[in-house]
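Chemist: return atomic coordinates for the entry below.
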Amino acid sequence: MKIAIIGGTGGQGLGIAIRFVQAGENVVIGSRTIEKAQTAVEKVKDMLGNERNLKAAENVDAAAEAEVLVLTVPLAAQKSTLLSIKEEAKNKILLDATGPLESAIGGSPMNYLDLWDGAAAERSAKILKDTNVICAFNNISSAALMNFNEPIDCDCLISGDDVDSKLVATSLIEKIPGVNVIDCGPLSRAKIIEKITPLLIGLNIRNKTQFGGIRITGLDK
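Modeler: Numbering: from 1, shown residues only. Next up, the predicted model:
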């Protein structure tokens, strides 16, 4: 399966790209410019070796050739990025990792930013009406993703309205060592999932670590 990391040049996007490349998936790192995407690809290759299942592209081209898209842009760039790939994302799955944090407007990354649309993932679904949007990756730190020689001690909480798309997402995400996927229900639950992000950031800062995550216990999968 080919996966496009849209806006994949930051820590979170690079970490997700690395983990999927390690899992043997074909990955395209997308960016607004091919130069930034290529720089990100070279960085990953330096870390993992000369991987053949990794390439660079502008966001539009990355979205066009992939089957599953992962959005890893800051909140301020979410809307413009989605509008730029709207046609290419039709009838595909998009995993939205956008964190609605007050840092997007100059505030603290430990505070949640309430959006008119509810959750960031719900805003994505309103923009991409013909795309199956799933809230995912919000509670796994970029540091944990980038620590690619170690398993990740964290569950990945997801929500979405299309059952089949969530099954695809689950099978992909659980290829990352240590990660269990917890289906939290419809996309309307995304706001709850996204609010965990600033909580974890605050806990990591307080405890002087970058690897704090969350586990849901007592569930029979």
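Chemist: what about the strands in this protein?
Modeler: 2-6, 26-31, 54-58, 68-71, 93-96, 132-135, 154-160, 179-183 (DSSP state E).
Chemist: JSON lines please, covering those and showing mean neighbour count, mean pLDDT and distance to Ser142.
Modeler: For every residue, glycine as well, the C-beta is placed using N, CA and C. Output for these, formatted as JSON lines (neighbours: other C-beta atoms under 10 Å; pLDDT from 0 to 100; distance: least, C-beta to C-beta, whole Å):
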{"stretch": "strand 2-6", "mean neighbour count": "26", "mean pLDDT": "97", "distance to Ser142": "12"}
{"stretch": "strand 26-31", "mean neighbour count": "27", "mean pLDDT": "97", "distance to Ser142": "15"}
{"stretch": "strand 54-58", "mean neighbour count": "20", "mean pLDDT": "96", "distance to Ser142": "18"}
{"stretch": "strand 68-71", "mean neighbour count": "27", "mean pLDDT": "98", "distance to Ser142": "13"}
{"stretch": "strand 93-96", "mean neighbour count": "28", "mean pLDDT": "98", "distance to Ser142": "15"}
{"stretch": "strand 132-135", "mean neighbour count": "28", "mean pLDDT": "98", "distance to Ser142": "17"}
{"stretch": "strand 154-160", "mean neighbour count": "24", "mean pLDDT": "97", "distance to Ser142": "12"}
{"stretch": "strand 179-183", "mean neighbour count": "18", "mean pLDDT": "97", "distance to Ser142": "14"}
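Chemist: now those strands as a markdown table including distance to Val168?
Modeler: As requested, the strands of the chain are exported to a markdown table (distance: least, C-beta to C-beta, whole Å):
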| stretch | distance to Val168 |
| --- | --- |
| strand 2-6 | 11 |
| strand 26-31 | 15 |
| strand 54-58 | 21 |
| strand 68-71 | 7 |
| strand 93-96 | 6 |
| strand 132-135 | 9 |
| strand 154-160 | 10 |
| strand 179-183 | 11 |
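Chemist: just the helices from the chain, written as ranges.
Modeler: Per DSSP state H, the chain carries helices over the ranges 11-22, 34-48, 59-65, 75-84, 120-127, 142-146, 163-173, 190-206.
Chemist: for those helices, which one sits closest to Ala136?
Modeler: Smallest distance to Ala136 across the helices of the chain (C-beta to C-beta): 6.0 Å, for helix 163-173.
Chemist: who does that closest one touch, helix- and strand-wise?
Modeler: Counting contacts by 3 or more C-beta pairs under 8 Å, 6 or more residues apart in numbering; DSSP states H and E, helix 163-173 packs against strand 68-71, strand 93-96, strand 132-135, strand 154-160, strand 179-183.
Chemist: indicate which one of those is closest to Ala144.
Modeler: Among those, strand 154-160 sits nearest to Ala144 (C-beta to C-beta), with 6.4 Å.
Chemist: elements contacting the closest one?
Modeler: Strand 154-160 packs on strand 132-135, helix 163-173, strand 179-183, helix 190-206, going by 3+ C-beta pairs under 8 Å, 6+ apart.
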